[in-house]
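**Q** Sequence plus predicted model, see below.
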Amino acid sequence: MKPLIPAQRRKNISDYLMQHQIAPLDTLAQRLRVSEATVRRDLEWLERAGIVERTHGGARLVQHLPDEPEYARSAIAHPEEKRCIGEFAAALVQPGDSLFINSGTTATAVIRHLRGIENLTVITLAMSDSKCHCEMSSPRGLRDLKKLSC
């Protein structure tokens with residue numbers, strides 16, 4: 001079997017996690033026929049893109065709304081572009097600003113880059129794991145960032 005390029009491996013990892021939600025490092029290495037170090041690098045890349053969360057000895061799919069498999073597929077598409085958009089948009093935000101951010105994978109990329117901006121209020125429909133550590137609210141109520149719920 002011809003070795004897979006990184007994008008193919010990452011797609012295979014994402015597909016596996018969409019079916020199983022969690023994967024041990026050794027299982028992924030065996031399935032992809034690569035070293036565990038290679039899988040770790042792929043998982044680091046996927047984690048930076050917000051697709052997976054690395055765990056001790058493996059990874060799990062970042063949980064979005066349970067009835068939105070399209071969201072997970074969309075999160076895999078064009079992660080570098082979404083990261084760039086997120087960084088650019090967050091650079092326009094000033095301390096003390098209030099923002100409304102819609103839902104979606106690109107919107108989530110923006111939210112991820114808001115960390116460290118003081119006195120920031122974000123009103124959003126996004127329910128994904130944003131980890132921005134700012135005050136966030138939703139039309140359904142104040143969002144608990146630890147429980148990822150409104």
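**A** The structure has been received and is ready for your questions. Numbers count the residues shown, from 1 in each chain.

**Q** Could you give me the buried positions within the longest helix along the chain?
**A** The longest helix of the chain (DSSP state H) is helix 6-20. Using 16 or more other Cβ atoms under 10 Å as the burial criterion, the residues of helix 6-20 that qualify are 9-10, 13-14, 16-17. Just so you know, the C-beta spots here come from the backbone N, C-alpha and C atoms, and that holds for glycine as well.

**Q** go on, stretch 42-54?
**A** Result for stretch 42-54 [16+ other Cβ under 10 Å]: buried residues 42-43, 45-46, 49-53.

**Q** do stretch 103-110 as well
**A** Buried residues in stretch 103-110 (16+ other Cβ under 10 Å): 103-110.

**Q** Lowest-confidence one in those?
**A** Least confident entry in the buried residues of stretch 103-110, by pLDDT: residue 103, with 77.

**Q** Next one: it from residue 89, what distance?
**A** Going from residue 103 to residue 89 by Cβ to Cβ, to the nearest Å gives 15 Å.

**Q** likewise residue 57?
**A** For residue 57, the distance to residue 89 - Cβ to Cβ - is 35 Å.

**Q** So those two - more neighbours on which side?
**A** residue 89 (18 against 11; other Cβ atoms under 10 Å).

**Q** Settle this for me: that one is touching residue 112, isn't it.
**A** No: using Cβ atoms under 8 Å as the test, residue 89 is too far from residue 112 to be in contact (10.6 Å).

**Q** okay, the buried residues of stretch 103-110 in TSV with secondary structure and distance to residue 29 next?
**A** Listed next are the buried residues of stretch 103-110 as TSV, based on DSSP: H, G, I helix; E, B strand; the rest coil; distance: Cβ to Cβ, whole Å:
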residue	secondary structure	distance to residue 29
103	coil	35
104	coil	33
105	helix	28
106	helix	32
107	helix	34
108	helix	29
109	helix	29
110	helix	34
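
**Q** okay if I get those as JSON lines plus distance to residue 25?
**A** Shown next, in JSON lines, are the buried residues of stretch 103-110 (distance: Cβ to Cβ, whole Å):
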{"residue": "103", "distance to residue 25": "32"}
{"residue": "104", "distance to residue 25": "31"}
{"residue": "105", "distance to residue 25": "26"}
{"residue": "106", "distance to residue 25": "30"}
{"residue": "107", "distance to residue 25": "31"}
{"residue": "108", "distance to residue 25": "26"}
{"residue": "109", "distance to residue 25": "26"}
{"residue": "110", "distance to residue 25": "31"}
